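Asker: Structure for the following, please:
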Amino acid sequence: MSVLLIVCEVLLVITSFLLILSILLHKGRGGGISDMFGGGISTSMRSSGVAARNLNRITVIVALTWAVVVILIGLITKFG
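Answerer: Residues are numbered from 1 along each chain as shown. Okay, here's the model as predicted:
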């Protein structure tokens, strides 16, 4: 069980880092880091843009993975 716990903890660190980065890439009220990657071009044309939609999908997938890993760590700690 300790190997599984270590794998989950490493995965938690990686997903936490990716989640922070993907959230920071989103455009806020005054612009965002995502403007560097083409988000500013699509917003000036008044469309959602492929980059913004893909960033939303990536953020949701990483957040769900993070939540599953947190639950797995809790279950391993409780029953292991």
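
Asker: can you give me the helices for the chain?
Answerer: For the chain, the helices defined by DSSP state H occupy 2-25, 39-44, 50-79.

Asker: lowest-confidence stretch among those?
Answerer: If these are sorted by mean pLDDT, helix 39-44 sits at the bottom with a mean of 52.

Asker: so Ile73 makes contact with Cys8?
Answerer: Yes - taking contacts as CB atoms under 8 Å, Ile73 lies within contact range of Cys8: 5.0 Å. For glycine as for every other residue, the C-beta is placed from the backbone atoms N, C-alpha and C.

Asker: Quick check: closest non-adjacent residue to the one residue sitting closest to the centre of the chain.
Answerer: For the chain, the residue nearest the mean C-alpha position is Leu19 (3.0 Å; CA atoms, centre = their mean). Nearest non-adjacent residue to Leu19, counting by CB to CB, 6 or more residues apart in numbering: Val62, 5.0 Å away.

Asker: quick one: contacts for the one you found?
Answerer: Thr15, Leu18, Leu19, Ser22 (CB atoms under 8 Å, 6 or more residues apart in numbering).

Asker: how much space between the closest residue to the second one other than its chain neighbours and Lys27?
Answerer: Once its chain neighbours are removed from consideration, Leu18 has its nearest residue in Val62; the separation is 4.9 Å (CB to CB, 6+ apart). According to CB to CB, to the nearest Å, Val62 stands 18 Å off from Lys27.
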